[in-house]
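Peer 1: Turn this into a model:
(one chain, ligands or ions: 1)
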Amino acid sequence: MGPLLSSLVQLQTIESELRKTQQRLRLARQVVLHQEYQIKKLQEASIAKKEEIKLTRVQHDKLEMELKTREEGINKLRVALNSARTNKDYSTILTQINTKKADKSKLEDQILALLGQIEADRGIQKEIDENIEKERVRLAEIRKISETKQREIQADVDTLLDQRKQASRQVPPKERAIFERLADRYDGEVLVEIVQVSGPRREHTCGGCYMGVTLESVNALMTRDDVVNCPNCGRILVLDMKPKQQPTA
Ligand SMILES: [Zn+2]
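Peer 2: The predicted structure is shown next:
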């Protein structure tokens, strides 16, 4: 491998390492974001539960009012019952009282059920709020660990950026431009090794897109220090990714 291809292999090696390291940095940040998201979801659940309790409370108060009205009605009927003049009147009023009493009993059951619901919801809300506190403590720990990690990885990224700048200078401008363009398109995977397919015909394929590569291209790489692009995906083909010769300065 000549100096041109060696310089490209070296640039590729650093580029790959840099992208991997940048990805590690993103992951270290994401751990914190994920934990923040978990807390946000719990907070939303707590607010929703609070709102639910409020609505149940309104419904409960409404039924309490109804119950009071019903009780007043029964009391009035009792007074009327005592002053009933005929048996018919008496029995009519008694029926009314019994109907109202049945209604009242139904209301009391409903009120009791609502109170039970409020109590259960309060328990759930308390649990959510306790979880929020626990997750907040965890967030503080996660953040601390992540920040230390991010600083370490950032130092690696800075070193690699520096190395890439230097490696990039070793590549002639034309090939450097090709590399940068392909790096954008293929997420940093610019150089690919040629793969020899097992089988009677021993054909060669591009290690990136797995389309056929002519023997002519393989021979060119063996004999010349030129950039050979894959005819299909356009990536730069190499016989292997280990530079055999240090690029000239
Ligand atoms: Zn290809």
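
Peer 1: got the CA coordinates for whichever strand in the chain runs longest in PDB?
Peer 2: Longest strand in the chain, counting residues (DSSP state E): strand 191-196. What follows is strand 191-196, C-alpha atoms only, in PDB (Å, rounded to 0.1, in the frame of the first residue of the first chain):
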ATOM      1  CA  LEU A 191     -13.000   3.100   3.100                       C
ATOM      2  CA  VAL A 192     -14.200  -0.400   2.700                       C
ATOM      3  CA  GLU A 193     -12.200  -3.600   2.200                       C
ATOM      4  CA  ILE A 194     -12.700  -5.800  -0.900                       C
ATOM      5  CA  VAL A 195     -14.100  -9.100   0.100                       C
ATOM      6  CA  GLN A 196     -13.300 -12.300  -1.800                       C
END
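
Peer 1: who does that strand touch, helix- and strand-wise?
Peer 2: helix 3-82, strand 204-206, helix 215-223, strand 236-238 (3 or more CB pairs under 8 Å, 6 or more residues apart in numbering; DSSP states H and E). Backbone N, C-alpha and C define where each C-beta goes, glycine included.

Peer 1: which one of those is the most hemmed in?
Peer 2: strand 236-238 (a mean of 22; mean count of other CB atoms under 10 Å).

Peer 1: Could I get the contacting residues of residue 229?
Peer 2: Counting by CB atoms under 8 Å, 6 or more residues apart in numbering, residue 229 touches 235, 236, 237.

Peer 1: so what's the backbone phi/psi at the closest residue to the last one other than its chain neighbours?
Peer 2: Excluding the flanking residues, the one nearest residue 237 by CB to CB, 6 or more residues apart in numbering is residue 228, at 4.9 Å. With angles defined as degrees, to the nearest 10, residue 228 shows backbone torsions of phi -120, psi 120.

Peer 1: State whether residue 228 and residue 239 are indeed in contact, as I suppose.
Peer 2: No. Residue 228 lies out of contact with residue 239 (CB atoms under 8 Å); the separation is 10.0 Å.

Peer 1: sorry, back to before: next, count neighbours for the residue nearest to residue 237.
Peer 2: Using other CB atoms under 10 Å as the criterion, residue 228 is surrounded by 19 other residues.

Peer 1: roughly how far apart are it and residue 173?
Peer 2: 19 Å (CB to CB, to the nearest Å).

Peer 1: Quick check: residue 225 vs residue 191, distance?
Peer 2: 14 Å.

Peer 1: So between the two, which is more surrounded?
Peer 2: Using other CB under 10 Å as the criterion, residue 225 and residue 191 rank with residue 191 on top: 24 against 14.

Peer 1: What residues does that one make contact with?
Peer 2: Neighbours of residue 191 in contact, by CB under 8 Å, 6+ apart: 8, 9, 12, 235, 236, 237, 238, 241.

Peer 1: Tell me the pLDDT of the residue nearest to residue 224 when sequence neighbours are not counted.
Peer 2: Spatially, and ignoring its direct neighbours in sequence, residue 224 is nearest to residue 2 (7.6 Å; CB to CB, 6+ apart). Residue 2 is assigned a pLDDT of 89 by the prediction.

Peer 1: what's the answer for the one 5 residues further on, then?
Peer 2: Looking at residue 7, its pLDDT stands at 95.

Peer 1: My read is that it contacts residue 169, right?
Peer 2: No. Counting by CB under 8 Å, residue 7 stays clear of residue 169, with 9.1 Å between them.
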